[in-house]
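A.B. asks: could you look at this predicted model? Sequence included:
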Amino acid sequence: MKRVSLVFPMYNEAANLEALRRRVCAVIDSLNEYRFEIVLVDDHSTDDTRTVARAWARGDGRVRYLRFSRNFGAHAALSAGLRTATGDGAVFLSADLQDPPEMIPALIRKWEDGYPVVWAARAARQARSWATRLTSAVYWRLMRAAAPNAAPSVAADAALIDRKVLDAFKRVNTRNDSVLASVCWLGFDAAYVRYDKAARAHGRSGWTLAKKVKLLVDSVVGFSYWPIRAMSLLGLSCAGVGFGFLAYVVYEALCGRIEVRGFATLASVMLLGMGILMVMVGVLGEYLWRVLDETRGRPNYIVEEEYGRRTSASPCGRDCSEPIETGPAAACGCRNDAAAAVAQ
Ligand code: UDP
Ligand code: MG
């Protein structure tokens, strides 16, 4: 029997969790030819998400709950969930019910047709504000132009990925990456299923404009060199214009026609030139701090708490199928080790 993991990143989603539980359970209970695992990743919510999610995990052996030590962002949460997933395939959806769990069967059907990646592509009808749609359209347009290898051909927030894609994803260990862009970059044949994006059921979006801008810059800089090429081209064009102007000035001087004038022109040309230089230094800085960040080798997230049933064999060979409740992750990744360390 194939196993499917469902991964939900959560940040202050307490008000949505009961409806999510009901709808997810209704869907997976109707798919009895598969076994399901539910991975709830709490991105250090400050509301009751932890209590509600733990109660769900306590009453349902299919649920695993992970909590970060601070807010690391939705993509870190998604990445943690996918790395934890033990299924033959994993579906990731948002926990605010904007991506309806009822589309899971359609994603699975396409996966069964042999596609290792099945994107849940937003249909034209969307219950989202114009500002969100605009930022999303700008994001996807820029991504497709700047990093075509890392942008699905459809705008998507959710997907089902096969175990072989999951294993390949686990080998991508870069920081500051968009999970969607990483999955695209891996390659593999992809299909898509259309769905109507719903309005957020309760609460507010945790994606501030600043987080969206960071994701855009991260995605473009992480998967494309065109900002650096554009800088070189701009620099060359400016140098070309400067050289032409110099030739003109020398010619005018030789003909005795030059006069001292145009301070305002000179000032604006200098300001423009300096502005361009500053932008160029800024773009270089975007690449440079990422290099620094990578070399530091810090983890992408810290899990402070895990709760739920471990379904796969543990790396240390002990029986880890008992319910677990731990502190920080242990050396071999086995939660029993952490529990043993805590007990000592
Ligand atoms: N999310 C998260 N960490 C954050 C922000 C959001 O884990 O810092 C989760 C959130 O709970 C939801 C998903 O990521 O399940 C999508 O976020 P949200 O609905 O806030 O974004 P939007 O739909 O506005 O793009
Ligand atoms: Mg949402």
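C.D. replies: Thanks, I have it. Ligands and ions are numbered 1, 2, ... in the order given.
A.B. asks: show me what the lengthiest helix in the chain is packed up against.
C.D. replies: Secondary structure of the chain per DSSP state H: the longest helix is helix 263-296. Here helix 263-296 touches helix 209-223, helix 226-254, going by 3 or more Cβ pairs under 8 Å, 6 or more residues apart in numbering; DSSP states H and E. C-beta here means a position set from N, CA and C on the backbone, and glycine is covered the same way.
A.B. asks: next, the most far-flung residue of the chain relative to its centre: secondary structure please.
C.D. replies: Distance from the centre of the chain peaks at G256, with 62.9 Å (Cα atoms, centre = their mean). At G256, secondary structure determined by DSSP: H, G, I helix; E, B strand; the rest coil is coil.
A.B. asks: picking that back up, buried sites along the longest helix of the chain?
C.D. replies: Residues of helix 263-296 classed as buried by neighbour count (16 or more other Cβ atoms under 10 Å): 280, 283, 290.
A.B. asks: now do that helix and helix 209-223, the angle between them.
C.D. replies: For helix 263-296 against helix 209-223, the angle by axes from the mean of the first three to the mean of the last three Cα atoms, to 10 degrees is 80 degrees.
A.B. asks: so what's the residue nearest to P227 when sequence neighbours are not counted up against?
C.D. replies: Once flanking residues are discounted, P227 sits nearest to V283: 4.8 Å by Cβ to Cβ, 6 or more residues apart in numbering. Remark: with contacts taken as Cβ atoms under 8 Å, 6 or more residues apart in numbering, V283 is in contact with 227-228, 231.
A.B. asks: list just the nearest of the buried residues of helix 263-296 to D189.
C.D. replies: R290 (29.9 Å; Cβ to Cβ).
A.B. asks: wait, D293 touches R175, no?
C.D. replies: Yes: counting by Cβ atoms under 8 Å, D293 touches R175, with 5.4 Å between them.
A.B. asks: would you mind measuring from K197 to G73?
C.D. replies: 21 Å (Cβ to Cβ, to the nearest Å).
A.B. asks: which residues of this structure lie near ligand 1?
C.D. replies: Residues of the chain found near ligand 1 (Cβ under 6 Å from any ligand atom) are 9-11, 13, 43, 71, 73-74, 77, 94-96, 98, 205-207.
A.B. asks: give me the helices and strands touching the one helix or strand R22 maps to, please.
C.D. replies: Using DSSP states H and E, R22 sits in helix 14-30. Applying 3+ Cβ pairs under 8 Å, 6+ apart, one finds that helix 14-30 contacts strand 2-10, strand 34-42, helix 49-59, helix 104-112.
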